[in-house]
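Asker: fold the following, please.
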Amino acid sequence: MEIELLLTQLRERRVRLWADETSRLRVDAPKGVLTPELQEALRERKVELIELLKTATPSSNEWARDVGLPEDFRVANSSLGREPQGVLLTGATGFLGKYLLRELLCQTSLKIFCLVRPTGEERVEKELRKSKVWEESFASRLKVIEADLAEPSFGFSQEIYHELIRKVDLVFHNGAQVHHGLPYASLRDANVGGTLALLELAAAARASFHFVSSLSVLPSMTSGVAGRFFESDPLEKVSPPRGGYNLTKWVAERLVEQAGGLGMETVIYRPGPISGDSVTGEFNRQDFLCRLVQGYVASGSAPSGKTLLDLLPVDFTARSMVWLATRSSLRGEGLRRYHLLHSKPASSELLFDACARAGFKIQRVPYQDWFRTLTEVAGAGQRDHPLYPLAGLFSSRGEEAQKRPEKAKEVPYDSRETEAALREAPFALPALDEALFDRYLIAMIRQGGVVK
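Answerer: Below is the predicted model of the structure:
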């Protein structure tokens, strides 16, 4: 079994690996989730895993040398005095990225330069046509450039690089190599090096820098902790998170903070869980809601009790980011941060009611009974079963959270500054109501995400 596949399967089943002080491999797994196949793979890959674990949990020395801007990094006078003409967007072929591109095209008249991975050029227009927002006039404003965030100068010519410096006034960095099973060292070049290279490009272009981060750079505090994370709190006061991907985002965000401290206009967006399009229902097959519904439908059961769902529709997320990025009244030298969360979470009962209206019979059972089914699916290695991806998302201790949903879902991330800024926006936050969940279920059935 390939090492990446093995790590992915172990992560999905909540299996924890570490190397002790004598460099022996240690494994902590929920009962019954390690199949004979996985046990054999662990034995075969033991040496590799021990070496990988040493990099997966990097010492402070490893990330510390990446967390500071180069000594020669300089910020010239900003472009605040002139109206932006061009924007550089990364990650346009991803789910959120597609919506960011749509909003940049619809909300602004900017010339848009999209950096995409090799072979991704055709996907940009195709995805916009699929969402029925493509207009032929967009073609003259859109230039797609094949690039690799992990390569020096992104792997393209100096001619293109200098063209971007001349024509870009705003950098929107949404792209990243996303893999929660890989160590920091494997993701560093694309996620940290790519961010630094874009900051250097923005500095040379005198452009503002907009970074799509994640709330995963902050700890998930329990309800027993009185403190909250405010948008004005510096990330340098927050301990680095675990996991290679989250750590790369934390380090990259630290670099953006420092550029802001030097006078570059920098904006950091930290979205929470993102759901489908609030108008069309279009969804990402990898998102939490889709996997949740698939799992409930496939098993015919779901845990009893109410929980809160604080999903933020992807269209509202992207629309908010672009609106916040382009308002002249909000612009200024230095750093600002936005926490993008749904301010009015909905009860999971609305989701179950929508499933019932869509014709799915889902029996509510005690949490521990449902979790037992989940672990049996994971333990049998049924990778094609819709419940399988959920094994890593639920805990055997979830029953307590079900009994105290309000406290269990208390949000430690303050978003008052974002909400205040968006009060002037010409669009409203979509309600997480029956109509929206019905729309999501209809789209999932139509697109084959859920089969009756």
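
Asker: can you tell me the closest non-neighbouring residue to the residue nearest the centre of the chain?
Answerer: Taking C-alpha atoms, centre = their mean as the criterion, residue 214 is the residue nearest the geometric centre of the chain, at 5.8 Å. Residue nearest to residue 214 in three dimensions, not counting chain neighbours: residue 249, with 5.6 Å by C-beta to C-beta, 6 or more residues apart in numbering. For every residue, glycine as well, the C-beta is placed using N, CA and C.

Asker: that neighbour: helix or strand, and which one exactly?
Answerer: Following DSSP states H and E, one finds residue 249 within helix 244-261.

Asker: kindly export that helix (C-alpha atoms) in CSV.
Answerer: Output of helix 244-261 as CSV, limited to C-alpha atoms (Å, rounded to 0.1, in the frame of the first residue of the first chain):
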residue,chain,number,x,y,z
GLY,A,244,1.5,19.5,8.3
TYR,A,245,-1.2,21.3,6.2
ASN,A,246,-2.5,23.5,9.1
LEU,A,247,1.1,24.4,10.1
THR,A,248,1.9,25.6,6.6
LYS,A,249,-1.1,27.8,6.6
TRP,A,250,-0.1,29.2,10.1
VAL,A,251,3.4,29.9,8.9
ALA,A,252,2.2,31.5,5.6
GLU,A,253,-0.2,33.7,7.6
ARG,A,254,2.7,34.8,9.8
LEU,A,255,4.5,36.0,6.7
VAL,A,256,1.4,37.9,5.6
GLU,A,257,1.2,39.6,9.0
GLN,A,258,4.8,40.7,8.9
ALA,A,259,4.3,42.2,5.4
GLY,A,260,1.4,44.1,6.8
GLY,A,261,3.6,45.3,9.6
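
Asker: so which elements touch it?
Answerer: Applying 3 or more C-beta pairs under 8 Å, 6 or more residues apart in numbering; DSSP states H and E, one finds that helix 244-261 makes contact with helix 184-188, helix 194-205, strand 208-212, strand 266-271, strand 335-340.

Asker: now do that helix against helix 194-205, angle only.
Answerer: Calculated by axes from the mean of the first three to the mean of the last three C-alpha atoms, to 10 degrees, helix 244-261 forms an angle of 20 degrees with helix 194-205.

Asker: wait, is residue 134 part of a helix?
Answerer: No: read with DSSP: H, G, I helix; E, B strand; the rest coil, residue 134 is coil and lies in no helix.

Asker: sorry, back to before: just name the most buried of the helices and strands packed on helix 244-261.
Answerer: Using mean count of other C-beta atoms under 10 Å, the stretch among the helices and strands packed on helix 244-261 with the largest mean neighbour count is strand 208-212, at a mean of 26.

Asker: to the chain's geometric centre, what's the distance from that one?
Answerer: 15 Å (C-alpha atoms, centre = their mean, to the nearest Å).

Asker: over to stretch 143-156?
Answerer: 21 Å.

Asker: contacts made by it with the rest, please.
Answerer: The set of residues external to stretch 143-156 that reach it, using C-beta atoms under 8 Å, 6 or more residues apart in numbering, is 90, 111-118, 120-121, 124, 160-161, 175-177, 189-191, 193-194, 197.

Asker: could you pick out the buried ones from the residues you listed?
Answerer: Neighbour counting by 16 or more other C-beta atoms under 10 Å classes 90, 111-117, 120, 124, 160, 175-177, 189-191, 193-194, 197 among the contacts of stretch 143-156 as buried.

Asker: in the stretch 251-400 of the chain, which spans are helices?
Answerer: Along the stretch 251-400 of the chain, the stretches classed as helices by DSSP state H, counting those that start in this stretch are 288-299, 314-326, 348-357, 367-379, 398-403.

Asker: let me have those helices in CSV, extended by distance to residue 171, mean neighbour count and mean pLDDT.
Answerer: Shown next, in CSV, are those (distance: least, C-beta to C-beta, whole Å; neighbours: other C-beta atoms under 10 Å; pLDDT from 0 to 100):
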stretch, distance to residue 171, mean neighbour count, mean pLDDT
helix 288-299, 29, 21, 85
helix 314-326, 10, 22, 96
helix 348-357, 38, 17, 93
helix 367-379, 41, 19, 77
helix 398-403, 40, 15, 46
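
Asker: with distance to residue 106 added, can I get those helices in CSV?
Answerer: Output for those, formatted as CSV (distance: least, C-beta to C-beta, whole Å):
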stretch, distance to residue 106
helix 288-299, 25
helix 314-326, 9
helix 348-357, 29
helix 367-379, 41
helix 398-403, 40
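
Asker: give me the pLDDT for the closest residue to residue 370 other than its chain neighbours.
Answerer: Leaving aside its sequence neighbours, residue 370 sits nearest to residue 303 (C-beta to C-beta, 6+ apart; 4.4 Å). Residue 303 carries a pLDDT value of 87.

Asker: quick one: residue 303 and residue 367, what's the gap?
Answerer: Distance of residue 303 to residue 367, computed by C-beta to C-beta, to the nearest Å: 4 Å.

Asker: one more: residue 162?
Answerer: Residue 162 is 59 Å from residue 367, by C-beta to C-beta.

Asker: next: residue 327.
Answerer: 45 Å.

Asker: who's in contact with residue 141?
Answerer: Residues near residue 141 by C-beta under 8 Å, 6+ apart: 105, 109-112.

Asker: rerun at 7 Å
Answerer: By C-beta atoms under 7 Å, 6 or more residues apart in numbering, the residues touching residue 141 are 105, 111-112.

Asker: cool, and residue 267?
Answerer: Shown here is residue 267, whose contacts under the criterion C-beta under 7 Å, 6+ apart are 210, 325, 336.

Asker: give me that answer again for 6 Å
Answerer: The neighbours of residue 267, taking C-beta atoms under 6 Å, 6 or more residues apart in numbering as the test, are 210, 336.

Asker: chain center to stretch 240-251, what's the gap?
Answerer: On C-alpha atoms, centre = their mean, the centre of stretch 240-251 falls 12 Å from the chain's centre.

Asker: contacting residues around it?
Answerer: The contact list for stretch 240-251 (C-beta under 6 Å, 6+ apart) reads 56, 63, 66-67, 180, 182-184, 187, 191-192, 213-214, 216-217.

Asker: domains in the chain, by residue range?
Answerer: What automatic domain parsing lists as the domains of the chain is 3-56, 86-271, 284-310+345-416+433-446.

Asker: relative to strand 266-271, how tilted is the helix holding residue 249?
Answerer: Here the directions of helix 244-261 and strand 266-271 differ by 150 degrees (the same axes, to 10 degrees).

Asker: next, the buried residues of helix 244-261.
Answerer: Result for helix 244-261 [16+ other C-beta under 10 Å]: buried residues 244-260.

Asker: what pairs with the closest residue to residue 321 other than its chain neighbours across the strands?
Answerer: Nearest non-adjacent residue to residue 321, counting by C-beta to C-beta, 6+ apart: residue 269, 5.3 Å away. In this entry, residue 269 is beta-bridged to residue 212, residue 338, by DSSP bridges.

Asker: repeat for the one 5 residues further on
Answerer: Using DSSP bridges, the bridge partners assigned to residue 274 are residue 312.
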